[in-house]
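**Q** the sequence isn't on hand, but the structure is:
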């Protein structure tokens, strides 16, 4: 797989600065899932509907993820 088959993603490091890398669609989906899991774990009272509204997506899309 070449970089043209991947998406450029820039992340912010905890110690400052940014890191740019190229990720496949599958890698991006795993990253998105892990971030959403962390949000739900850190905020146990947040409903799926509230989370979907907060990140600007349809509730059904969140449920499909």
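**A** On my side now, so go ahead. These numbers were taken from a predicted model, which means no experiment stands behind them.
**Q** residue for residue, what is the longest helix this structure has?
**A** Criterion DSSP state H: the longest helix present in the chain is helix 25-42.
**Q** who touches that one?
**A** 7, 9, 23, 46, 51, 62, 65 (C-beta atoms under 8 Å, 6 or more residues apart in numbering). Every residue, glycine included, has its C-beta placed from N, CA and C.
**Q** in ChimeraX, how would I select just the buried ones from these?
**A** Only the buried entries of the contacts of helix 25-42 go into this ChimeraX selection, using 16 or more other C-beta atoms under 10 Å:
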select :51
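**Q** among the contacts of helix 25-42, which ones are in helices?
**A** Residues of those located in helices (DSSP H): 51, 62.
**Q** could you list which of the contacts of helix 25-42 belong to strands?
**A** Among the contacts of helix 25-42, DSSP state E puts 7, 9, 23 in strands.
**Q** tell me which residues touch the first one, please.
**A** Read that as residue 7. Listed by C-beta under 8 Å, 6+ apart, the contact partners of residue 7 are 22, 23, 24, 25, 28.
**Q** could you redo the last one with a cut-off of 7 Å?
**A** Going by C-beta atoms under 7 Å, 6 or more residues apart in numbering, residue 7 touches 22, 23, 28.
**Q** gap between the residue nearest the centre of the chain and residue 61?
**A** With distances taken as C-alpha atoms, centre = their mean, residue 32 lies nearest the centre of the chain, 2.4 Å away. Counting by C-beta to C-beta, to the nearest Å, the gap from residue 32 to residue 61 is 11 Å.
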